[in-house]
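S.K.: Quick one, structure for this:
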Amino acid sequence: MTRLSVNINKIATLRNARGGNNPDVIKTALDCERFGAQGITVHPRPDERHIRYEDVRVLKKVIATELNIEGNPLDKFIPLVEEVKPGQVTLVPDAANAITSDAGWDTIKHQDYLTEVVKHFKSLGIRTSVFVSPDARIVEGAAKIGADRIELYTEPYASAFQQSREQAIKPYKLAAKVAYDCGLGINAGHDLDLHNLAYLVQNIPAIDEVSIGHALICDALYLGLENTIQLYLRCLQAK
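M.R.: Numbering: from 1, shown residues only. So this is what the prediction gives:
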């Protein structure tokens, strides 16, 4: 079954809005695990506007599932990953002032740079994934730089889903086939929700993991966190 990794950035955003420790980011991560999540994802940014670097350090010590750290390998990010040694690091080319990730890597243009970063993290025993758009050449480029996995950037899929799910899924099925043929594992994330998730994994059963934060936390406001996680897990089981 495709694994569910819950991105808890939005919990940290809410906490930071008032200071203090309410909601408790660490407790929320542990509750997500208790409710069935198979991983926890965090995306610390240089300004620490949501997840803080110290949150990441504490999470690695206490969670029982896999920790996935996302981010652009600049500034403080590389030393943090070296220190924490998560189960997975996902390289994302977001600008420091980006509200959210909005593009994947050009693995051809940045081949030399990414090869060096991937080699370094893999030498530490960390599975390394690269955030990419569903483009066959870019996926092949991810294999050439030595990545273990790709994470398919699914915002275009989510945006086109209501108009034509068949058209929306096409480039992702092709990209997944290329990844599989290249020996890459496949993750997916961004704007996945209860409406479009099941169709994605039904059509691309090779997806190893989805990382979902914003939609899941929004759903939890109405449905409760435990019930919401169970609903997302059911989507992943509907293959």
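S.K.: per-residue pLDDT, the closest residue to residue 185 other than its chain neighbours?
M.R.: Closest residue to residue 185 apart from its sequence neighbours, by C-beta to C-beta, 6 or more residues apart in numbering: residue 149 at 3.6 Å. Bear in mind the C-beta positions are built from the backbone N, C-alpha and C, glycine included. Here the pLDDT value assigned to residue 149 is 98.
S.K.: burial of residue 149, as a residue count?
M.R.: 19 (other C-beta atoms under 10 Å).
S.K.: same thing with residue 51?
M.R.: 27.
S.K.: Give me the distance between residue 26 and residue 191.
M.R.: To residue 191, residue 26 is 26 Å away according to C-beta to C-beta, to the nearest Å.
S.K.: for residue 35, same thing?
M.R.: 22 Å.
S.K.: mind checking the SS state of the most centrally placed residue in the chain?
M.R.: With distances taken as C-alpha atoms, centre = their mean, residue 211 lies nearest the centre of the chain, 4.0 Å away. Following DSSP: H, G, I helix; E, B strand; the rest coil, we place residue 211 in the strand state.
S.K.: do the same with residue 195
M.R.: coil.
S.K.: List of residues touching the longest helix along the chain?
M.R.: Assignment by DSSP state H gives helix 165-181 as the longest helix of the chain. Defining contact as C-beta atoms under 8 Å, 6 or more residues apart in numbering, one finds that helix 165-181 is touched by 132, 134-136, 139-140, 142-143, 150, 152, 154, 156-161, 185-186, 188, 196, 199-200, 203-204, 206-207.
S.K.: what comes up buried for that helix?
M.R.: In terms of neighbour count (16 or more other C-beta atoms under 10 Å), helix 165-181 has its buried residues at 165, 168-169, 171-172, 175-176, 178-179.
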